[in-house]
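Student: What follows is a protein structure lacking sequence information:
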C-alpha cells in the first residue's frame, strides 16, 4: 500500500479527479477478453445440449456471432464518433434518449454485472462441491459464507488501485485461456465421428429448429457480456482509437473459443448425456474423454477464469456508477474516489448488491441458470439503447448538410445490431423481462435522490410515462412470482 493511499480517501468534490492510469491496446484487449471469458464458457456444453444438437448450435452461433460482431462494431464506431462519451453503454443511452433512460441503462448494466458476479461464485462453489459435498451446487449456507468472504476479499484488492487490478487481470487472462485451449485440442483428438454424427440432428424437443435456437440465445448473451469492456473504461485509454480496436480484437478471439468449445463437445458424448451433466459441464465432458485429470484441469482453469472475470466486471460496474454520478444522474456520494483513482463508494455499493443476490440464492431452485439468464436479460436494454443510438447517429443530418453523418456501412451495422438486440429481448421471453422490471423500477429511488440534490423537478411528463411502464412491469413480475408462474 502506498503512503498516499494510507492517508485515506479523497473527499467527493467537483474538482478534477486524480490522474487515471493510462491503458494500452494490449491491456484493454485483455480486459475485453478477461470480462467475457468467465463462468459462461465452462457451462456451454450442457446449456446448448439442453436445447439443440450440432445443426442448431451452428446456426445459433452464426446468429449470435454476427449479431454481437455488429454490436462490437457499434461500440467501435461510437468510440470514434463520440470520443467525449465515457463509460460507453450508459453514456450512449443518455446522449441519445435523455437522462432517465440513460439512468436506466446505467443501472441495468451495473445490476447485470452484480448479478453476473454472483453467478461466478455459485459456479466456483459448485465446482469445489464435486469433492466437498457440503458446498452442494453452490447454494448451501457454507457455500454462501465462503463466497461472501471471496466477494469482500476482491473488494479490498481493487480498493488498492486500478493499475494494480488491471495488471493482475492481464496475467489472469493469459492463465485462464490455457486450460480452455487444452480442452479444445484434447476434445478434437478424442472426438468420436459416430457420436458427433448422431448429435447433428439430435434434440430433446423435436420439431422446429427455431425454438431450439431461441433457447440458446440468453446463454450466448451471457458469455458475450463484456464485449463493450474497453468502452466502459475508456477514460483510462492511452489512445482513444485503441478502444474500438480492443473491442473487435477481443470479440473475435473469444468468439472462436466459445464456438469451438461447444462444437467439439458433441463428439465426446451423446446429446442427452451432455445435457444431464453437472455444471461446469466442460469438466465433465473432458473427464469422459481423458479421465479424472481432465475434470481437475478444467476445474482449476474455471476458478482462475472466474476470478479474473469477476475482477474485470467489478471494475466496470463501479466505473459506470462513477460516471453516472459525475453526470448528476446518480447521487453524489457515488463520485467519491480514493487517491488511487478507485471509485470506492461505487465499488462498495456494487459489492453490497452482489452480497444481497448471493443470499437470495439460498432460496433458489437453480441459482446458476437463473442468475445467468437474469444477468443477460438486465443487459439487453442497455445494449438495445446503444445500438439504436448508433442508428440515430448514422441517420443524422447536421444543419446545412446534404448527407447523413454516418457512412452507409455504419448505417447497416447499426440497423443489424438493433434488430439483433430486439430479437434477444424476444428470445428472453416475458418471464425474464418482468423480472428485469422488478430490478429496474425500485432503482428510480437513486434517480430521485440525484434530482433532489440538484433542486430540479423530479420527472418530466415523458419520464413519468417511462416510470409508469417500469412500475407496471414490476408489479406484473411480482404477481407472477406470487402465483408461481415465475420461479427463482
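Tutor: Cool, got the structure. Bear in mind the structure is a predicted one, so any value in this text is a computation, not a measurement.
Student: mind checking which helix or strand of this protein has the lowest mean pLDDT?
Tutor: The weakest-scoring helix or strand in the chain, judged by mean pLDDT, DSSP states H and E, is helix 3-6 (a mean of 35).
Student: what helix or strand is residue 197 on?
Tutor: Here residue 197, judged by DSSP states H and E, is contained in helix 193-199.
Student: Would you mark the buried spots in that helix?
Tutor: The neighbour-count check on helix 193-199 (16 or more other Cβ atoms under 10 Å) flags 195, 196, 199 as buried. C-beta: built from backbone N, CA, C; applies to glycine.
Student: So, low pLDDT: which residues of the stretch 251-400 of the chain?
Tutor: 309, 312, 397-400 (pLDDT under 70).
Student: repeat that for 80
Tutor: Within the stretch 251-400 of the chain, the stretches with pLDDT under 80 are 279-280, 301-317, 319-320, 323, 338-342, 363-374, 376, 396-400.
Student: quick one: the helices in it?
Tutor: With DSSP state H, counting those that start in this stretch as the criterion, the stretch 251-400 of the chain has helices at 271-275, 281-290, 292-326, 344-360, 367-395.
Student: For residue 79, which of those is the nearest?
Tutor: Distance to residue 79, taken as Cβ to Cβ, is lowest for helix 367-395 among the helices of the stretch 251-400 of the chain, at 10.8 Å.
Student: Report the next helix or strand after the closest one in sequence order.
Tutor: The element immediately downstream of helix 367-395 (helix or strand, assigned by DSSP H and E) is helix 408-440.
Student: and the angle from the very next helix or strand once past that next one to helix 344-360?
Tutor: Remark: after helix 408-440, the chain's next helix or strand is helix 444-454, criterion DSSP H and E. Per axes from the mean of the first three to the mean of the last three Cα atoms, to 10 degrees, the angle that helix 444-454 makes with helix 344-360 is 160 degrees.
Student: Quick one: mean pLDDT for the helix or strand following helix 444-454?
Tutor: As assigned by DSSP H and E, the chain's next helix or strand after helix 444-454 is helix 461-482. Averaging pLDDT along helix 461-482 gives 87.
Student: Going forward, the N-terminal residue is numbered 56.
Tutor: Right, with 56 as the first residue, what we last looked at is helix 516-537.
Student: In helix 516-537, which residues are buried?
Tutor: Neighbour-count burial for helix 516-537, with 16+ other Cβ under 10 Å as criterion, is recorded at 518, 521, 522, 525, 528, 529, 531, 532, 533, 535, 536.
Student: Please apply the same query to stretch 487-507.
Tutor: Across stretch 487-507, burial judged by 16+ other Cβ under 10 Å covers 487-496, 498-499, 501-502, 505-506.
Student: Which of those residues sits closest to residue 110?
Tutor: Distances from residue 110 to the buried residues of stretch 487-507, taken as Cβ to Cβ, are shortest for residue 487 (25.9 Å).
Student: The closest residue to the closest one other than its chain neighbours: how many residues sit nearby?
Tutor: With sequence-adjacent residues excluded and distances taken as Cβ to Cβ, 6 or more residues apart in numbering, residue 487 is closest to residue 432, at 3.7 Å. A total of 27 residues lie near residue 432 under the criterion other Cβ atoms under 10 Å.
Student: which ones are touching residue 432?
Tutor: Residues near residue 432 by Cβ atoms under 8 Å, 6 or more residues apart in numbering: 273, 483, 487, 488, 490, 491.
Student: Please report how far it lies from residue 129.
Tutor: 20 Å (Cβ to Cβ, to the nearest Å).
Student: now swap in residue 144 and tell me
Tutor: According to Cβ to Cβ, residue 144 stands 11 Å off from residue 129.
Student: between those two, what contacts are shared?
Tutor: Counting by Cβ under 8 Å, 6+ apart, the shared contacts of residue 144 and residue 129 are residue 441.
Student: neighbour-wise, which of those two wins?
Tutor: Under the neighbour definition other Cβ under 10 Å, residue 144 and residue 129 were set side by side, and residue 129 has more, 32 against 27.
Student: did I read that right, that one in a helix?
Tutor: Yes. Secondary structure of residue 129, determined by DSSP: H, G, I helix; E, B strand; the rest coil: located in a helix.
Student: Kindly confirm whether my reading is correct that it touches residue 448.
Tutor: No. Counting by Cβ atoms under 8 Å, residue 448 is not a contact partner of residue 129; they are 9.8 Å apart.
Student: shared neighbours of the two, anything?
Tutor: Joint contacts of residue 129 and residue 448 (Cβ under 8 Å, 6+ apart) are residue 469.
Student: all helices for the stretch 56-205 of the chain, in order.
Tutor: For the stretch 56-205 of the chain, helices defined by DSSP H, counting those that start in this stretch occupy the ranges 58-61, 80-91, 95-104, 109-136, 143-152, 154-184, 196-214.
Student: Just the angle for the third one relative to helix 109-136, thanks.
Tutor: Angle between the axes of helix 95-104 and helix 109-136 is 140 degrees (criterion: the same axes, to 10 degrees).
Student: Just list what helix 95-104 packs against, helices and strands only.
Tutor: When contacts are defined as 3 or more Cβ pairs under 8 Å, 6 or more residues apart in numbering; DSSP states H and E, helix 95-104 packs onto helix 264-279, helix 296-320, helix 326-330, helix 336-345, helix 347-381, helix 422-450.
Student: what about residue 235, how many neighbours?
Tutor: Look at residue 235: counted by other Cβ under 10 Å, it has 20 neighbours.
Student: I meant residue 127, not that one.
Tutor: Burial measure for residue 127: 26 neighbouring residues, criterion other Cβ under 10 Å.
Student: could the helices and strands packed on helix 95-104 go into TSV alongside distance to residue 180?
Tutor: Converted to TSV, the helices and strands packed on helix 95-104 look like this (distance: least, Cβ to Cβ, whole Å):
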stretch	distance to residue 180
helix 264-279	18
helix 296-320	22
helix 326-330	22
helix 336-345	14
helix 347-381	10
helix 422-450	10
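Student: Max pairwise distance over the buried residues of helix 516-537: which two?
Tutor: Distance extremes for those: the farthest pair is 518 and 536 at 26.9 Å, using Cβ to Cβ.
Student: show me what contacts the residue nearest the centre of the chain?
Tutor: Centroid check for the chain by Cα atoms, centre = their mean gives residue 280 as the closest residue, at 3.3 Å. Contacts for residue 280 (Cβ under 8 Å, 6+ apart) come out as 90, 91, 95, 167, 171, 430, 431, 434.
Student: Kindly report the same for residue 410.
Tutor: The neighbourhood of residue 410, defined by Cβ under 8 Å, 6+ apart, consists of 203, 206, 207.
Student: Please identify which of those residues is nearest to residue 412.
Tutor: Using Cβ to Cβ, the contacts of residue 410 come closest to residue 412 at residue 206, 10.4 Å.
Student: residues touching the closest one, list them.
Tutor: Neighbour list for residue 206: 172, 176, 406, 409, 410, 413 [criterion: Cβ under 8 Å, 6+ apart].
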